[in-house]
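*Asks:* Sequence first, predicted model second:
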Amino acid sequence: MEGSAVMEAVLDAVKRTTKGKNEARRLRAAGQIPAVVYGAQKAGDKPSPEQVSVDPKPFLRILHSSSGLNTLISLKVQGGTDSTVLVRQVQLDPVSHHPLHADFYRVNMDRKIKVTVPVVIRGDARGVKIDGGVLDFVHREIEVEVLPANIPNSIEVDVSDLGIGDAIHVRDVAANAAWTPISDPDMMLVHIVTIKVVEEVVPAAGVEGAVAVAAAPAAGGAAEPEVIKKGKTDKEGDAKAEKKDDKKK
């Protein structure tokens with residue numbers, strides 16, 4: 001099952017004719033984010049990277065939307081060429097996490113592209129709720145090939161009917177989907193496992209022996225200090241014995 005298709009957002013940009021570190025610093029000081037648009041405008045064209053700058057506020061709203069990096073963006077470039085793009089990469093400040101630079105990639109609406117889509121779990125698994133198992137979320141993303149207009153926000157996985165030992169794989173959610181999986185169809189997304197309880201092996205020494213062994217862990221906290229104290233007491237006893245022998249001599 002899929003979440004809704006990605007939203008399309010509008011982002012204004014300004015074409016820039018200069019580049020380099022100094023230009024990037026100047027743009028950031030002015031409250032803009034330097035960016036580059038990659039890819040061909042349409043099938044058959046040669047890729048033509050374009051230097052632009054964007055306002056961080058609407059850009060961050062897009063990044064924090066439900067479709068995030070998979071949001072189709074109508075990039076309106078003042079002094080340049082308008083394009084439909086996806087965010088390819090964002091460089092963030094390591095301290096403030098404010099975007100420092102962005103890369104956009106032009107997409108053709110009639111050509112499939114490869115994207116990574118998050119997996120979202122829905123429902124309460126029977127194996128957890130009734131049987132006391134644990135849900136193991138193995139892979140949280142699936143790489144898919146899809147037309148830009150059909151990119152899902154997320155791929156929903158309903159775990160309600162899963163019991164102990166049951167699992168859901170990529171092939172289980174790819175049936176009748178608008179996308180084709182690039183990830184291995186046999187890749188496990190989620191399964192229900194039991195909690196392993198390690199039991200202590202008791203020697204065959206009868207009931208009394210079993211009780212003694214079972215009781216040992218309960219007194220474990222005091223066992224080691226007692227041994228250490230006992231060692232000190234033995235030394236003190238030896239010292240007293242030597243003094244008595246010296247007196248007799």
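*Replies:* Received, thanks.
*Asks:* so how many other residues sit close to the nearest residue to T180 once chain neighbours are set aside?
*Replies:* Closest residue to T180 apart from its sequence neighbours, by CB to CB, 6 or more residues apart in numbering: E145 at 4.7 Å. The C-beta positions use only the backbone N, C-alpha and C, and glycine is treated the same way. E145: 12 surrounding residues under other CB atoms under 10 Å.
*Asks:* Could I get the contacting residues of the residue positioned nearest the centre of the chain?
*Replies:* Per CA atoms, centre = their mean, the C-alpha nearest to the average position across the chain is that of R140, at 6.6 Å. Residues counted as contacts of R140 (CB atoms under 8 Å, 6 or more residues apart in numbering) are P118, V119.
*Asks:* repeat that for 6 Å
*Replies:* Neighbouring residues of R140 by CB atoms under 6 Å, 6 or more residues apart in numbering: V119.
*Asks:* what are the phi and psi angles of it?
*Replies:* When read as degrees, to the nearest 10, the backbone of R140 gives phi -110, psi 0.
*Asks:* how near is it to L27?
*Replies:* 35 Å (CB to CB, to the nearest Å).
*Asks:* before we move on, what SS does V117 have?
*Replies:* Secondary structure, DSSP: H, G, I helix; E, B strand; the rest coil: V117 is strand.
*Asks:* ugh, typo on my part, it should be I62
*Replies:* Assigned with three-state DSSP, I62 falls in the helix class.
*Asks:* Contacts only, for it.
*Replies:* I62 neighbours (CB under 6 Å, 6+ apart): A9, T71.
*Asks:* picking that back up, okay, the residue nearest to the centre of the chain and W179: tell me how far apart.
*Replies:* Relative to W179, and taking CB to CB, R140 is found at 17 Å.
*Asks:* go on, K129?
*Replies:* 31 Å.
*Asks:* Same drill for those two, tell me which one is more crowded.
*Replies:* For K129 and W179, the more surrounded residue by other CB under 10 Å is W179, and the numbers stand at 21 against 11.
*Asks:* I'd assumed V144 was in contact with the more buried one.
*Replies:* Yes: using CB atoms under 6 Å, W179 is in contact with V144, at 4.0 Å.
*Asks:* Centre of the chain to stretch 180-197, how far?
*Replies:* Relative to its chain's centre, stretch 180-197 lies at 15 Å (CA atoms, centre = their mean, to the nearest Å).
*Asks:* An error on my part: the question was meant for stretch 26-36.
*Replies:* The answer for stretch 26-36 is 29 Å, by CA atoms, centre = their mean.
*Asks:* and what of stretch 142-162?
*Replies:* Put simply, stretch 142-162 sits 16 Å off its chain's centre (CA atoms, centre = their mean).
*Asks:* For it, measure first residue to last.
*Replies:* Using CA to CA, to the nearest Å, the end-to-end distance of stretch 142-162 comes out at 20 Å.
*Asks:* Give me the mean pLDDT for that stretch.
*Replies:* Average pLDDT, stretch 142-162: 95.
*Asks:* Show me which residues of it are buried.
*Replies:* 142, 144, 146-148, 151-155, 157, 159, 162 (16 or more other CB atoms under 10 Å).
*Asks:* Max pairwise distance over those: which two?
*Replies:* P148 and L162 (32.9 Å; CB to CB).
*Asks:* Now do P148 against V157, distance only.
*Replies:* 24 Å.
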